[in-house]
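**Student:** What shape does this take:
(chains A, B and C)
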Amino acid sequence: MSVNYFPAEFEVLRNTDKCIKCRACERQCANEVHFYDADFDKMLTHDDQCVDCQRCVTICPTGALKIHKNPNEFRQNYNYTQQIMTENYRQAGTGAVLLSSMGNPLPYPVYWDKILINASQVTNPSIDPLREPMETKVFLGKKPNKMSFNEDGSVNTKLDPHLELSVPIMFSAMSYGSISKNAHESLARAATELGTYYNTGEGGLHKDFYQYGPNTIVQVASGRFGVFKDYLETGAAIEIKMGQGAKPGIGGHLPGAKIREDVSKTRMIPMGTDAISPAPHHDIYSIEDLRQLIYSLKEATEYKKPIIVKIAAVHNVAAIASGIARSGADIIAIDGFRGGTGAAPTRIRDNVGIPIELALASVDQRLRDEGIRNNVSVVVAGSIRSASDAVKAIALGADAIYIATPALLAMGCHLCRSCHGGKCNWGIATQRPDLVKRLNPDVAYKRLVNLVHAWDHEIKEMMGGMGINSIEALRGNRLMLRGIGLTDRELKILGIAHAGE
Amino acid sequence: MKRVYVNEDRCLGCHLCEFYCSFANSGADDMAKAFKLDMAATPRIKVEEGGDINFAVSCRHCSDPSCVNNCITGALSVHDGVIEIDESRCVGCYTCVLSCPYGCIVIDKKNGGRTITKCELCTRNSQGEPACVKGCLNSAIVFEERGED
Amino acid sequence: MLEKEGQVRIPSGCAISGFISRDGNMISGEDAVKSISYMHDRSNGLGGGFAGYGIYPEYKDLYALHVFYDTNASREQTERFLDRHFDVVNLSRIPTRKHPNITNEPLIWRYFVTPLPTKMASSQLPEKEFVAKCVIRINNDINGAYVFSSGKNMGVFKAVGFPEDVGEFYRLEEYEGYAWTVHGRYPTNTPGWWGGAHPFSLLDYTIVHNGEISSYDANRRFIEMFGYKCTLLTDTEVITYIIDYLNRRQNLSLEDVASIIAAPFWSEIDRMEPEKAEKLRYFRNVFSSLLITGPFSIILGYNGGLMALNDRLKLRSMVVAEKGDMFYISSEECAIRAICPDAENIRSPRGGEPVIVTLSEEGKRKCL
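**Tutor:** Numbers count the residues shown, from 1 in each chain, chains lettered A, B, ... in the order given. Modelled structure (predicted):
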């Protein structure tokens, strides 16, 4: 095709007064945007290949680069926006489904930003986390509803298997394949140092990382990639992935190009073949089938590991969660519609599912209404962006949170949302050895640890302000939240009062 | 003694270390100025590229340095373990270049090759610590004690 | 119009006091009145109340229900409910005297009842559970009726006013008990609803409490899974339900209950003997939602004893003292000195340390 119909999305601005022609930008751009022209003795650019990943901007030693949105404008139209027009041009050119990565970027309401947190004044003292103990340890798993006692009258302390987290934050599922080996190593080492867990995603577990098993959640998804006895036994918990917030109702597709030797071994599929996760698990067409898989996995691991069932937040999420809570699962993970992904059809990512805030509020309330909240712990994912989002999630009723996008940010990701291209300039969402090398696990794991420590400090500050010195007293404590600018209906679903009430 | 080491599995071959080295030894206070006004020094570090492996090479500061031993004018000498060059005494005979087993002695192109130059761990410029280490994108170049002589 | 307890959550500071004769000697309610009057400034006239144990020896095997009614219609409706579920052995208005500072009194009735055996059999519930369920039903479902005392051989007396005035109003000098607890309330706003005064009670458990717990909604939303309805939205109510749940329904000792609601910090648990540490780890895991944080000092009364407990950081004052067989607990020492000038062993229990005082064998023979 000779004409593209649409202009480059971004424009690279180079300050030639600053550019020293070191060509680092050229060497570091996997999209081949920058090049040196000997005739002009100048660095030039192919703007149309730029994805705005900010790698060149970040590394430029003289700060000579900026990337901005191409100011070129189609004729103003609030209905047919430039984005929609461009997507149609693109599809007319390729005949294909549009692909996107990372979380839903559209301007839907972010309920976290419409919820405010309480603090103590006069009647109840706030607590200074620098002077008093402030506890954020969390256990995940089933709690018994009835005490049992030993023959000598002492309390029988035997429990179903639990996960113990020293911070209420875990790293959410990202498969080896969708992210690089170095990224996986960074997550595994960070989880180990933090006393929390990371999640293999559905890509199996590389042999090198079995050593981090006590801090690993191994996932069993519809493609069953890399699932075998050692894998299940190595993890601290097993997660059955029924759905993902970014693409509820559909499966996954890792292109053959990413299935290189190590990925192929880990996933247990031939090199170069596409790894296709079916939309449903083909042995789970109903809730009773899920129960069978849960108990199969429990049998396989001698009832030593908690089983997590992860679902996408969809319209009837509360009823689904209730079913899961009665099906033998120990933990339910709910993933909101803003959750990230390595690749998803754009239309699905941007239009399917519901916000995690509303899903969490209704699931927690539903489980309490049915008196089965003790059957399961609830973990939420799908765009918990900061420590205050985490505090709000826990106050709405979550036991712990999963983070993935913030973890990627800690490793350098700039949310260019081009993971599906496989040319991640930050060495995260790629399998190209020269790019993978760019993520130094020694640096990245430390940054992950720093991030979670920083959040933990902030969570403790906010708890102390509320007069709470242990995270369990925050869980489900919706009185600590107020809505701002929300309708009665939204407040009712969230189970909180409006600010000023 | 702390030395500059390169972890070759981390080195990206971006060549930025060379540019930071040039700037560090230029005497200029701004990097763009150093290069635009032709003040940039000949880099004392060089990235060797070879397929998947890249490696930035600079003086090892050997404990028994053949460059120093072979220098005919005494321009090369060791101070606190750092091998230094006194340009005023260098006659550009390149004996050191021939004798260095690592190829780390650099012919100073800035003055037409009349003297050599070499890494002095940024002890004689305003950096305070090796600029190549500080500027390395991927922490591939490190400045550390590895217990070697 | 101001919303009353149950429609809105009202924080309050308070004064508490209590004492017990371990040998079961009978003490006039006047002492409780005198004790609390010395902490006048810790209340603001918006609530006061008492719980006396061993005060109804002639009906000691019957549940004594004390009920507030807004109207005669609500009384009639409640009495029909009581007749369907209980054998009502005696009913009367609770005697009061006119008091210039106590106004707007509701109808205040007292019933001595025993569950109807047929009703209880068909409910398949243990007796106490049956009574508790009936009380919760009246308080939830019958408009204008509020059962504020429901134990055997004990009773709660409470009203809007300063506690010493409340004591005079209820003629407490005419009652004798082996243990009393008393409460003076300092709410930050209230329309002055009598049901909102303390002690709060369920069966023979009564709680007087000084504090404002920050874990309230976490505790409430958890305990409501087990059939309780927190209709008043007060700390005292939810603490009472938690203790009832753990002590009566889960059969845990009061020491264990204290180690759940005022759990030791993890750093302390890590230093304990392995066996003890294991139990506490278990409690903190299984009953994590029943951990109470924020300031509180409470006195729990029950048939046969008192328990005093502070939050684990000890953010509220509380002292205890002894003299002979008497044991005293109070927000301030002055309230103990007021009725026992030569009290001994005065000390301030540590945060989270339960102080449990029970009747001696002799006391049990006399009173239970």
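
**Student:** OK, contacts around A:Ala319?
**Tutor:** Counting by CB atoms under 8 Å, 6 or more residues apart in numbering or on different chains, A:Ala319 makes contact with A:Arg366. Just so you know, the C-beta spots here come from the backbone N, C-alpha and C atoms, and that holds for glycine as well.

**Student:** Checking my notes, it in a helix, right?
**Tutor:** Yes - under the criterion used here (DSSP: H, G, I helix; E, B strand; the rest coil), A:Ala319 sits inside a helix.

**Student:** which stretches of chain B form helices?
**Tutor:** B:16-24, B:31-36, B:66-70, B:95-99, B:131-135 (DSSP state H).

**Student:** Would you convert those helices into a markdown table that also reports distance to C:Asn90 and mean neighbour count?
**Tutor:** Shown next, in a markdown table, are the helices of chain B (distance: least, CB to CB, whole Å; neighbours: other CB atoms under 10 Å in any protein chain shown):
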| stretch | distance to C:Asn90 | mean neighbour count |
| --- | --- | --- |
| helix B:16-24 | 94 | 26 |
| helix B:31-36 | 96 | 20 |
| helix B:66-70 | 111 | 16 |
| helix B:95-99 | 114 | 17 |
| helix B:131-135 | 90 | 22 |
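
**Student:** could you dump these to CSV with distance to chain C and mean pLDDT?
**Tutor:** Rendered in CSV, the data for the helices of chain B read as follows (distance: least, CB to the nearest CB, whole Å; pLDDT from 0 to 100):
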stretch, distance to chain C, mean pLDDT
helix B:16-24, 46, 97
helix B:31-36, 50, 96
helix B:66-70, 58, 96
helix B:95-99, 61, 96
helix B:131-135, 40, 96
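
**Student:** Dump the ones you listed to a markdown table, plus distance to C:Trp266.
**Tutor:** Converted to a markdown table, these look like this (distance: least, CB to CB, whole Å):
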| stretch | distance to C:Trp266 |
| --- | --- |
| helix B:16-24 | 46 |
| helix B:31-36 | 51 |
| helix B:66-70 | 60 |
| helix B:95-99 | 63 |
| helix B:131-135 | 41 |
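
**Student:** Switch the ones you listed over to TSV; also include distance to chain A.
**Tutor:** Formatted as TSV, the helices of chain B follow (distance: least, CB to the nearest CB, whole Å):
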stretch	distance to chain A
helix B:16-24	5
helix B:31-36	4
helix B:66-70	29
helix B:95-99	25
helix B:131-135	7
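
**Student:** Quick check: mean pLDDT of stretch A:75-87?
**Tutor:** Taken as a whole, stretch A:75-87 has an average pLDDT of 95.

**Student:** meant to ask about stretch A:211-218
**Tutor:** This predicted structure assigns stretch A:211-218 an average pLDDT of 98.

**Student:** now do the same end-to-end measure for that stretch.
**Tutor:** End-to-end distance for stretch A:211-218: 13 Å, by CA to CA, to the nearest Å.

**Student:** Buried residues of that stretch, list them for me.
**Tutor:** For stretch A:211-218, the neighbour count (16 or more other CB atoms under 10 Å in any protein chain shown) marks A:212-213, A:215-218 as buried.
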